[in-house]
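[1] Kindly generate the corresponding structure for this input.
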Amino acid sequence: MRILVYEGPKQLRVVERGDLEAGPGQVRIRTLYSGISHGSEMNVYRGIAPFFSRNNDSEYRLFRPVETEEAWHYPIRSCDPGVWYMGYACVGEVVETGEDAGDLKPGDLVYANAPHQSEAVKSHREVIKLPQDLPPEFGVLFTNLMTAYNGILDTRIKLGDTVVVSGLGVLGQLVVQMAKMSGAHRVIGVDVLDKRLQTALAVGADHVFNAASGEDVAYEIRKLTNARGADAVIEVSGSQRALQQAIRMAAPDCTVTALGWYQGACVDLNLAEEFHHNRITLKSSQTSRINPDIRHMWDHKRKEETCLSLLARLKLDNLITHRIPYEQAADAYRMIDSHADDIIQVVLTY
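    Prediction:
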């Protein structure tokens, strides 16, 4: 099979490795498509993820300095045990099943949280059978959908709300649609790329603003809302400057949901002005944990089932903008890293 190797920051290549076999309770999947994460994966590709210098202590829930040998280091291979940051949105065909592998059988189209490689072996409990009438490549959006929906659960949108979605990559485009489905009266999209703004309008946004236009977008949103501001802001881009502007867009006593993964010290964050005087709540939405207010009703399985049903209801046609052969994965990563204006979601084809 073929796997990816990170030799160093922004150094990637495809190499051959021995084939896999399915054991008891497992299935072997031949990969058809995998989606590249423009957030988490790119932070690792660039070498700026915190795990290269600090360890997330699972007992104390703190990032702490680590010894050199304990930190992440190169080379990193997609087949290394525990690797989650070299792809986690795989669609493929079941080609082999071990004993006691549930109701899965060869030929089934499935989604798996698996890395960018030509084959994967997963427990049958970790594999999701996709609807037969779903275009297979749309399945790579399932992980993004789970992340976006977590942001919706954290934001608790009410009927009639004005909601701002800041950052209109693939996550933002999904959030726009789900915010509308959740009862928002007005959804406003904000980005710095005109193509993404036009896509947001096509999938359901009511208004869009280009944050690079020079106008004060927070002020313009106040004018749209009788000087109040947005009832909820979901910041998806992972940009520190965008997070600061999201705080300015929110109405007094309202919440900004931070869905992006922000890197480094937030030098652009000003907590002395709107954040303090408007009593803004800043909430992190991390996809592995569900809003504690609803954990008695919602768990990962229910979120998974909901997102699977949403795949057939959302407008996904315009979200996959680039399809690149797996052998050219290094080119795909370089293209995303350069922030090409016309990119929303890049999919590797096998």
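[2] quick one, domains of the chain?
    2-134+318-349, 144-294 (automatic domain parsing).
[3] Pick the most deeply packed of the ones you listed.
    The highest mean neighbour count among these, using mean count of other CB atoms under 10 Å, belongs to domain 144-294: a mean of 20. From N, CA and C alone the C-beta is placed, and that goes for glycine too.
[4] and that one, what's its mean pLDDT?
    The pLDDT scores in domain 144-294 average 97.
[5] Now the terminal residues of it, how far apart.
    One end of domain 144-294 to the other measures 21 Å (CA to CA, to the nearest Å).
[6] can you give me the offset of it from its chain's centre?
    Remark: domain 144-294 is offset 15 Å from the chain centroid, using CA atoms, centre = their mean, to the nearest Å.
[7] mind listing the strands for the stretch 201-350 of the chain?
    Using DSSP state E, counting those that start in this stretch, the strands of the stretch 201-350 of the chain run over 207-210, 230-235, 250-258, 281-284, 320-325, 345-349.
[8] Which strands border the longest one, and is each parallel or antiparallel?
    Paired with strand 250-258 in the same sheet, following DSSP bridges, are strand 230-235 (parallel), strand 281-284 (parallel).
[9] From the rest of the structure, what touches the longest one?
    The contact list for strand 230-235 (CB atoms under 8 Å, 6 or more residues apart in numbering) reads 151-152, 155-158, 161-167, 175, 179, 188, 221, 242-243, 246-247, 249-251, 254-260, 285.
[10] Kindly recompute the last result at 7 Å.
    With contact meaning CB atoms under 7 Å, 6 or more residues apart in numbering, strand 230-235 is reached by 151, 155, 157, 161-167, 175, 188, 221, 242-243, 246, 249-251, 254-260.
[11] need the helices for the stretch 151-300 of the chain, in chain order.
    Using DSSP state H, counting those that start in this stretch, the helices assigned to the stretch 151-300 of the chain run over residues 170-181, 194-203, 217-224, 240-249, 274-277, 300-310.
[12] The stretch 1-150 of the chain now?
    Under DSSP H, counting those that start in this stretch, the stretch 1-150 of the chain gives helices at 40-45, 142-155.
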